[in-house]
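K.L.:
sequence first, predicted model second:
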Amino acid sequence: MHTAKRVTRREFFRRSGVGAVGYGLAAAGCASMKGALTPQPPTKVAPSEKIVIGMIGVKNMGGAHLNGLLGKPDVVIAALCDVDESVRLAARRRTGDKADIYNDYRELLDRKDIDAVVIATPDHWHALTTIHACQAGKDVYCEKPLALTIEEGRAMVTAARRYNRIVQMGTQQRSQQHFRHVCELVQNGRIGKVKLVRTWFGPNPYQAWVPDSDPPPGLDWDMWLGPAPWVPFNPLRHPYNFRYFRDYSGGLMTDWGIHLNDIAQWGMGADYTGPRSVEATGTMYPDNMFEWPQTMEAKYEYDNFTLIWSQGLEIPEPGQGYGVKFYGDKGSIFVDRSTYKIHADTEIDEAIGSDDIRLYESHDQQRNWLDCIKARKLPICEVEIGHRATTLSHLANISFLLGRKVQWDPDKEHFIGDEAANRMIGKPQRAPWHL
């Protein structure tokens, strides 16, 4: 008899021993949810134990990170940078007017008193700000996706290793306990041999054409563009919808695809590897100002399993608009940010014992990063893991743009016998900016 089991949060707490407070801290790390990073009650911390932080980009997720860090007793927010004057002034008020403010992030990085930086800029700025921060001796928390291109991501890993920096990518799902629990169930064979993983989300949006205009007062548009090609200001490019333009981001594939495909790789023990081939197909809206496809399906072939990303198409778990689903020969497991469901013909033992595979445990993505700065240990989504997860999105987008299947070498990080695809691993940067 086939049974589908929905596990509520309360039931998950009872089984796993995770208290509601612990889960609340984990849920506070969810990306793409405004106000999700909440302050914690202050306690006394010796000045020598405090981490002095600068923030680069303080709108949207940057504002959420600021909110979370302001509540941590071992953090001092010393400096804020944003190319929009109104944004940085508003953020400064949230610090009680204590933080210094900057338009140019390089001035912030020049400060010797700053230990670490949080980067929440548009994607096309992630690589340069992270690399320059590592060169300046700062540890880094960089929002996802790690980089705009595969080449940039590898350069960020190289910089982190060369300068011995702690670099965390903001995939807060890794700090939600039920995601870890599901991945442990998969890795310990509770649903048998897994040969297929499905991930899915909704379509990219449509946008009618909007004319260019002058940038609003106080916005340094040239600095906002930075390494991207110069174009006139358009209200659809800044501040949120940049993710739908190819010069700045990879659409929902790099926005949500990274979160979901990262969990797929975590559950399959594939954090430090990648697929051997990728084939992405989809449809474009007619006459859309945004530049990414309406629908997409990407099929990734690994050495021992297949991952299929479906965007705006089939929903593998009825009633669930996004998620990850592992298919084993003894059952399947669906998981999203609210819950997980086990589908099996017989009861599955969910207890994870001391002799089972246990995965890295974090209850708060920010807290994990801060603790790793002090201990000089790799965080739960260290830069190489972030790079590998981000690469999945870039591979699918490259395959879609080329209109064909591509063969990928995950060790050498290049396409096999495909000059056109290899030219898309990187992207030129506008002078004077360069990697």
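P.N.:
In hand now; what should we look at?
K.L.:
and Arg174, helix, strand or coil?
P.N.:
Of the three states, Arg174 takes helix under DSSP: H, G, I helix; E, B strand; the rest coil.
K.L.:
any idea how far it is from Tyr360?
P.N.:
8 Å (CB to CB, to the nearest Å). The way it works is simple: take the backbone N, C-alpha and C, and place the C-beta from them, glycine included.
K.L.:
and for Ile77?
P.N.:
Between Ile77 and Tyr360 the computed distance is 27 Å (CB to CB).
K.L.:
would you mind telling me which of those two has the busier surroundings?
P.N.:
Between Ile77 and Tyr360, Ile77 has the larger neighbour count (other CB atoms under 10 Å), namely 23 against 17.
K.L.:
quick check: neighbours shared by Arg174 and Tyr360?
P.N.:
180, 380 (CB atoms under 8 Å, 6 or more residues apart in numbering).
K.L.:
okay, domains of this structure per the record?
P.N.:
As given by automatic domain parsing, the domain ranges for the chain are 24-173, 176-362+383-422.
K.L.:
which of those has the lowest mean pLDDT?
P.N.:
Between the domains of the chain, the one with the least mean pLDDT is domain 24-173; it has a mean of 89.
K.L.:
list the contacts for the most centrally placed residue in the chain?
P.N.:
Centroid check for the chain by CA atoms, centre = their mean gives Lys144 as the closest residue, at 2.9 Å. By CB under 8 Å, 6+ apart, the residues touching Lys144 are 31, 169-171, 254, 258-259, 386, 389-390.
K.L.:
next step: these restricted to helices.
P.N.:
254, 258-259, 386, 389-390 (DSSP state H).
K.L.:
closest to Asp222 among those?
P.N.:
Each of these was scored against Asp222 by CB to CB, and Thr254 proved nearest at 24.1 Å.
K.L.:
which parts of the chain are helices?
P.N.:
Ranges of helices within the chain are 9-16, 20-27, 61-70, 85-94, 105-109, 126-135, 150-162, 177-187, 221-225, 252-255, 257-267, 365-375, 383-402, 419-422, based on DSSP H.
K.L.:
format the ones you listed as a markdown table; extra columns: distance to Phe201.
P.N.:
As requested, these are arranged in a markdown table below (distance: least, CB to CB, whole Å):
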| stretch | distance to Phe201 |
| --- | --- |
| helix 9-16 | 22 |
| helix 20-27 | 19 |
| helix 61-70 | 18 |
| helix 85-94 | 28 |
| helix 105-109 | 31 |
| helix 126-135 | 21 |
| helix 150-162 | 21 |
| helix 177-187 | 16 |
| helix 221-225 | 27 |
| helix 252-255 | 6 |
| helix 257-267 | 7 |
| helix 365-375 | 21 |
| helix 383-402 | 11 |
| helix 419-422 | 24 |
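K.L.:
now do the contacts for Ala133.
P.N.:
Under the criterion of CB under 8 Å, 6+ apart, the contact list for Ala133 reads 56, 109, 117, 119, 139-140, 165.
K.L.:
distance check, it against Tyr102.
P.N.:
Distance, Ala133 to Tyr102, using CB to CB: 13 Å.
K.L.:
run a quick neighbour tally on the closest residue to Glu184 other than its chain neighbours.
P.N.:
Counting by CB to CB, 6 or more residues apart in numbering, the nearest residue to Glu184 once its immediate chain neighbours are dropped is Ile352, at 5.1 Å. Counted with other CB under 10 Å, residues neighbouring Ile352 total 19.
K.L.:
surely Ile352 and Cys183 touch.
P.N.:
No: using CB atoms under 8 Å, Ile352 and Cys183 do not qualify as a contacting pair, with a distance of 10.5 Å.
K.L.:
so Leu359 is in contact with Leu185, correct?
P.N.:
No: the pair Leu359 and Leu185 does not pass the contact test of CB under 8 Å, sitting 10.5 Å apart.
K.L.:
which of those two has more neighbours?
P.N.:
Remark: of Leu359 and Leu185, Leu185 carries more neighbours, 26 against 18, as counted by other CB under 10 Å.
K.L.:
and Gly68, how close does it get to Asn60?
P.N.:
14 Å.
K.L.:
higher neighbour count, the two?
P.N.:
Between Gly68 and Asn60, Gly68 has the larger neighbour count (other CB under 10 Å), namely 24 against 16.
K.L.:
got the contact list for the residue lying closest to Glu151 once chain neighbours are set aside?
P.N.:
Once flanking residues are discounted, Glu151 sits nearest to Gly426: 3.4 Å by CB to CB, 6+ apart. Shown here is Gly426, whose contacts under the criterion CB under 8 Å, 6+ apart are 149-152.
K.L.:
quick one: contacts of stretch 365-382?
P.N.:
The set of residues external to stretch 365-382 that reach it, using CB under 8 Å, 6+ apart, is 25, 29, 37, 49, 51, 65, 68-69, 72, 74-75, 115-116, 139, 141, 164, 166-172, 174-175, 262, 360, 362, 389.
K.L.:
how about stretch 334-342: buried residues?
P.N.:
Using 16 or more other CB atoms under 10 Å as the burial criterion, the residues of stretch 334-342 that qualify are 334-337, 339-342.
K.L.:
what separates the spatially closest residue to Trp256 that is not a sequence neighbour from Gln294, distance-wise?
P.N.:
Setting aside the residues directly before and after it, Trp256 is nearest to Phe201 in space (CB to CB, 6+ apart), at 4.6 Å. When distance is defined by CB to CB, Phe201 is 12 Å away from Gln294.
K.L.:
more neighbours: which of the two?
P.N.:
Set Phe201 next to Gln294 and count neighbours by other CB under 10 Å: Phe201 wins out with 22 against 18.
K.L.:
buried ones in stretch 317-329?
P.N.:
317, 320, 322-328.
K.L.:
need the contact list for the residue nearest to Ile348 when sequence neighbours are not counted.
P.N.:
Spatial nearest neighbour of Ile348, chain neighbours left out: Arg190 (5.1 Å); criterion: CB to CB, 6+ apart. Arg190 makes contacts with 328, 330-331, 348-350, as judged by CB under 8 Å, 6+ apart.
K.L.:
what do you get for Leu401?
P.N.:
Contacts of Leu401 by CB under 8 Å, 6+ apart are Met424.
K.L.:
and if you look at Thr283?
P.N.:
293-295.
K.L.:
the residues you listed in strands, which ones?
P.N.:
In this view, the contacts of Thr283 that belong to strands under DSSP state E are Thr295.
K.L.:
number of residues surrounding Ile380?
P.N.:
23.
K.L.:
touching, Trp309 and Met296? I think so.
P.N.:
Yes: at 7.2 Å, Trp309 and Met296 qualify as touching, with contact defined as CB under 8 Å.
K.L.:
now do the shared contacts for the two.
P.N.:
Shared contacts of Trp309 and Met296, defined by CB under 8 Å, 6+ apart, are found at 253, 396.
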